[in-house]
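Trainee: quick check, what structure comes out for this input:
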Amino acid sequence: MAIGLTANRADAEDLVQDTVLREAVARSSIDDRIAAALAGLPERFRWPVELVDVAGLSYREAAEMLGVPIGTVMSRLHRARKRMRRHLDRVGFDVKGFDR
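Mentor: Coordinates of the predicted model:
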């Protein structure tokens, strides 16, 4: 399904990893390593993650709260999740193996 939504396999993998990471952040209550990855983000990236992934707001609701377009929320979320994945990889946290 993810490949049909994207231009290439790398984008599809990013989409899948974003979904897994989003679920891990939302459910984690939170593992210290995920909390550290989130806390290490610059504020402009951290807020969209906190609003969408943690608080459960829609992209539109987060955009309204942040005073930015929806596309900005989406791009910041993508970049934030990518940064978080890199941080979690460095500390040995297997996002793919996160217990759902």
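Trainee: alpha carbons only for contacts and neighbour counts from here, please
Mentor: OK.
Trainee: so where do the helices sit in this protein?
Mentor: 2-5, 9-27, 32-39, 43-48, 59-66, 70-90 (DSSP state H).
Trainee: flag every buried residue along the last one.
Mentor: Read that as helix 70-90. Buried residues in helix 70-90, counted by 16 or more other C-alpha atoms under 10 Å: 70, 73-74, 76-78, 80-85, 87-88.
Trainee: cool, and the fifth one?
Mentor: Along helix 59-66, the positions that meet the burial threshold by neighbour count (16+ other C-alpha under 10 Å) are Tyr59, Arg60, Ala62, Ala63, Leu66.
Trainee: now these in TSV, with pLDDT and distance to Asp53?
Mentor: Output for the buried residues of helix 59-66, formatted as TSV (pLDDT from 0 to 100; distance: C-alpha to C-alpha, whole Å):
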residue	pLDDT	distance to Asp53
Tyr59	94	10
Arg60	95	13
Ala62	92	10
Ala63	94	13
Leu66	92	15
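Trainee: picking up where we left off before, in TSV, list the buried residues of helix 70-90 along with distance to Val54 and pLDDT.
Mentor: Shown next, in TSV, are these (distance: C-alpha to C-alpha, whole Å; pLDDT from 0 to 100):
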residue	distance to Val54	pLDDT
Ile70	17	96
Val73	14	95
Met74	15	96
Arg76	15	96
Leu77	12	95
His78	15	94
Ala80	13	95
Arg81	13	92
Lys82	16	92
Arg83	17	94
Met84	14	91
Arg85	16	89
His87	18	90
Leu88	17	89
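Trainee: kindly indicate which of those lies nearest Asp32.
Mentor: Leu88 (10.6 Å; C-alpha to C-alpha).
Trainee: gap between that closest one and Arg79?
Mentor: Distance of Leu88 to Arg79, given as C-alpha to C-alpha, to the nearest Å: 14 Å.
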